[in-house]
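K.L.:
need the 3D shape of this:
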Amino acid sequence: MRVVSFSVPAWFPPRGGEEVRGEVQLTEQESAVFLCLATGASNAELAGELQLSVSTVKFHVHNIRAKLGGISRLQACLLAALAREGTRPGGLSGGGAAAVPR
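P.N.:
Now for the predicted structure:
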């Protein structure tokens, strides 16, 4: 199993007093689900796109949110959008301005 690291921006607000800073370790499948969250798709739509069951997508989304400090799904979508933006040429990167896969 390959593990992927994402950096959480320093400016990102924690939820419920839990603070996650630095890198977050996501499995390869969690990483795929995380990056697809940027589209704002439902669990069923994500499952269809990734060829997974809806319950598997729910499991991964729950784990992703927990690893990122108990953030909301909307916050996870925002981080995913920043991560996707950081992977494109000319996108945000460096300086902790975006969550960038390594």
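
K.L.:
which residue ranges of the chain form helices?
P.N.:
28-36, 43-50, 54-67, 73-86 (DSSP state H).

K.L.:
can you put those helices in TSV and add mean pLDDT and mean neighbour count?
P.N.:
Glycine gets a C-beta too; all of them are placed from N, C-alpha and C. As requested, these are exported to TSV (pLDDT from 0 to 100; neighbours: other Cβ atoms under 10 Å):
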stretch	mean pLDDT	mean neighbour count
helix 28-36	93	20
helix 43-50	95	16
helix 54-67	95	17
helix 73-86	86	18
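
K.L.:
nearest residue to residue 54 other than its sequence neighbours?
P.N.:
Spatial nearest neighbour of residue 54, excluding adjacent residues (Cβ to Cβ, 6 or more residues apart in numbering): residue 47 at 4.6 Å.

K.L.:
the one you found reaches residue 61, doesn't it?
P.N.:
No: taking Cβ atoms under 8 Å as the definition, residue 47 is not a contact partner of residue 61, at 10.6 Å.
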